[in-house]
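Participant: Dropping the sequence and predicted coords here.
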Amino acid sequence: MKLLVSLMMLGASVPALAAVSSGCGESEKWSAMTLSATWTTRYQSFSKGQISPIEGMALAHELRKESDSRWSDLFSEYWLSNALLKSGHFPLAESGFERVLARLPQEKEFDDLRVASFQCLGRLHHQYSSRQISRNLYSAIQSLPAGDEKDYWLYRWAIEQNQARAALKQMRSESELAPLLKALVFYDEQEWSKAAGQMDAYFAQTSVHPYLTSETEHWKIFAGRMHYSASTFSKAIAYWNSVDKRSNELVEALTEFSWAQLKFAKYNEAIGTALSLQTGWLSNTYSPEGLMVMSMAFNETCHYPEAMRSSELLRKQYDPVLAWLKDNKKLSSSALYQELVKAMKKESKAPYRLSSEWIRSPRFIARQSEVNALIRMDDRSKESLALAQKRQRERVAELLKLVREIKSDVVSAQKSDKKKVDLPEWINVKLESLRKNIEEYDALRAFAPVWKQADAANRKIASTRRADLIQAISDHVAQTNARVLSQIEDVYDNLQFVEVEIYQGATQDMIFSNSHPDYSKKINELKSREGFRLKSQELNWGQISTEELGQSEIWEDELGGFKADLPNKCDKGKIARSL
């Protein structure tokens, strides 16, 4: 196998053997191709960013016209798609790569081009994560040789189509992504312990696919749920606690964490975790269940005034959300999207706890990012065209300069040896360079009408895609509103039962206080005795404000969780009987 450096020294075509690394990246390097040294050098100049994307398109177009083999013909299309991607014309680039994959023969000699095309699509889909796997692309996945690239695309397909079991049959058992799909299969079978074990195996790995790092917090929450369902609570808590405090997933993690703490009678911890949802940037997020957990935990520790204040705070915060949702049930798709745009500009009349739920959604973020890119595409087209025109002018200047140099060199050579007929080799080298530069200049000029057609086609695809994305965002907002409305109504229904219990407990507490008028006096006397202490938990890790809930002290521990320094007032009866 010859190195690329050796290939550049050859004038003839060479066999296609070695694989490409980092398809469509700046470090992309083919160590062998069925291309002449000239075309190999030209492609390397393009992949390293030494020539503009439109120049790359022009050369790819020229290569396709000159192609004398199936491999170079397909490679020219790959090159053209790569150049479209680099110029920001990603809708047309995606179509181009899928066309290459559809045309590739099944022979092994085309596997390198197949893998490279998928690597390029991987970059595109990672940058614009709202893109989905088409039916044609799924068919092409089947033709990929076994390896990391095929495993990644099988994972993507499994997540999009809920086909974990089918994807596992085609994925390598040793793949770093296999544990995730196995966990989903066990989840469907309600095999919680096995699902939890697979999640542990996934997070125990030393490396993670770079395109999956953005999904890490989501999988941590899923792992916590599996361990919670499997009754391995310490591991569930560890996963929830490990969620990045800057992540949009933190609200969900803390809510589930607080419910778990409440279930296992860790009331102080549940109150603290729920209260953390009312502090900092989390105070603007949608988290009604946190306040319900807080109210229930206060009730369980017989802090009835605090329990009622939590209940009242829940209604104060979410009554406006409920009212807005009921008043705006019949908003059209376009109106919903406009309301979302206003929310991003902080001009919406929708309550911020609702609008923040829209804006924080990963689906919205991915789709809107692509919409923004499509909007900027006109500017990118103008920039690419301006750069191509500039390069055309520069090439003219370079050609004229080279011609003048060659003329001067020829005159000097003739003066030095008038009898010699042939030109010196170094002048022939310059003449060959001039010939190649003229070819590239002519290719750039000839590509102008083709570029206009490609740009128009891309705009058409982009326009349709943009409309589809906006509709998908509107539908997602409508679904979010329906979910939020249903959830708040359920929380309010459950809260009524909690409030009944609070009133019953508060009534019994009043009866107890009236029947034991000397209780407080005796407790104060006992407090002065050494060793006496009401049951409480104290962690001095810094205090946060709790003005809306009274003066109870809440402490943050080193894990980012919270605990409340609250004695369990339900112990009154036991203490009174011992006095």
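Facilitator: In hand now; what should we look at? Keep in mind the model is a prediction, meaning the values are calculated, not measured.
Participant: what's the average pLDDT for the helix or strand where Trp240 lies?
Facilitator: Using DSSP states H and E, Trp240 sits within helix 233-241. Average pLDDT, helix 233-241: 92.
Participant: buried stuff in it?
Facilitator: Lys235, Ala236, Ile237, Tyr239, Trp240, Asn241 (16 or more other CB atoms under 10 Å). (Glycine included, C-beta is placed from N, CA and C.)
Participant: Please apply the same query to stretch 245-261.
Facilitator: 247-261.
Participant: Kindly report the same for stretch 148-164.
Facilitator: 149-159, 163-164.
Participant: taking those residues one by one, which sit in helices?
Facilitator: Among the buried residues of stretch 148-164, the members found in helices (DSSP state H) are Glu149, Lys150, Asp151, Tyr152, Trp153, Leu154, Tyr155, Arg156, Trp157, Ala158, Ile159, Ala164.
Participant: pLDDT below threshold where in the protein?
Facilitator: Scanning the chain for pLDDT under 70 picks out 1-19, 31-33, 417-421, 505-567, 569, 571-579.
Participant: And the residue nearest the centre of the chain, how far from Lys390?
Facilitator: The C-alpha lying nearest the average C-alpha coordinate of the chain belongs to Ser214 (CA atoms, centre = their mean; 4.5 Å). From Ser214 over to Lys390 the distance is 37 Å, taken as CB to CB, to the nearest Å.
Participant: Looking at the buried residues of stretch 148-164, spot the one nearest Ile271.
Facilitator: Minimum distance to Ile271 across the buried residues of stretch 148-164 is 36.5 Å, recorded for Ile159 (CB to CB).
Participant: Give me the buried positions along stretch 375-389.
Facilitator: Within stretch 375-389, the residues scored as buried using 16+ other CB under 10 Å are Met377, Ser381, Ser384, Leu385, Ala388.
Participant: between the residues you listed, which is nearest Ala204?
Facilitator: Among those, Met377 lies closest to Ala204 (CB to CB), at 42.7 Å.
Participant: Excluding chain neighbours, give the residue nearest to that closest one in space.
Facilitator: Counting by CB to CB, 6 or more residues apart in numbering, Met377 lies nearest to Ala462, which is 5.6 Å off, once chain neighbours are set aside.
Participant: can I assume the one you found is in contact with Leu374?
Facilitator: Yes: between Ala462 and Leu374 there is a contact at 4.9 Å, judged by CB atoms under 8 Å.
Participant: of the two, who's got more company?
Facilitator: Remark: of Ala462 and Leu374, Leu374 carries more neighbours, 23 against 20, as counted by other CB atoms under 10 Å.
Participant: Are we agreed that that one is in a helix?
Facilitator: Yes: the assignment for Leu374 (DSSP: H, G, I helix; E, B strand; the rest coil) places it in a helix.
Participant: quick one: it from His61, how far?
Facilitator: Between Leu374 and His61 the computed distance is 25 Å (CB to CB).
Participant: same check, this time on Val208
Facilitator: For Val208 relative to His61 (CB to CB), the value is 39 Å.
Participant: The two - which one has more neighbours?
Facilitator: Between Val208 and His61, counting by other CB under 10 Å, His61 is the more crowded of the two (21 against 15).
Participant: How about the more buried one: what's its closest non-neighbour residue?
Facilitator: That would be Phe447: by CB to CB, 6+ apart, it lies 5.5 Å from His61.
Participant: Got phi/psi on the one you found?
Facilitator: Phi and psi for Phe447, reported as degrees, to the nearest 10, are phi -80, psi -10.
Participant: What of Gln205?
Facilitator: Main-chain torsions, Gln205, degrees, to the nearest 10: phi -70, psi 150.
Participant: Pretty sure it sits against Glu176.
Facilitator: Yes: under the criterion of CB under 8 Å, Gln205 makes contact with Glu176 at 5.5 Å.
Participant: Is Arg457 in a helix, a strand, or coil?
Facilitator: If you look again at residue 457, you'll see it is Ala, not Arg. Secondary structure, three-state DSSP: Ala457 is helix.
Participant: Spatially nearest residue to it (excluding sequence neighbours)?
Facilitator: Closest to Ala457 by CB to CB, 6+ apart is Leu92, at 6.0 Å.
Participant: what's the helix or strand for the one you found?
Facilitator: Assigned by DSSP H and E, Leu92 belongs to helix 90-103.
Participant: Quick one: list the elements packing against that helix.
Facilitator: Judged by 3 or more CB pairs under 8 Å, 6 or more residues apart in numbering; DSSP states H and E, helix 90-103 is in contact with helix 70-86, helix 111-127, helix 135-141, helix 448-515.
Participant: how close does Asn428 sit to Leu399?
Facilitator: Taking CB to CB as the measure, Asn428 falls 18 Å from Leu399.
Participant: now do Ser193
Facilitator: For Ser193, the distance to Leu399 - CB to CB - is 72 Å.
Participant: swap in Pro288?
Facilitator: 70 Å.
Participant: before we move on, back to that, with the buried residues of helix 233-241 in mind, which one is nearest to Ile54?
Facilitator: Once CB to CB is applied, the member of the buried residues of helix 233-241 that ends up nearest Ile54 is Tyr239, at 48.9 Å.
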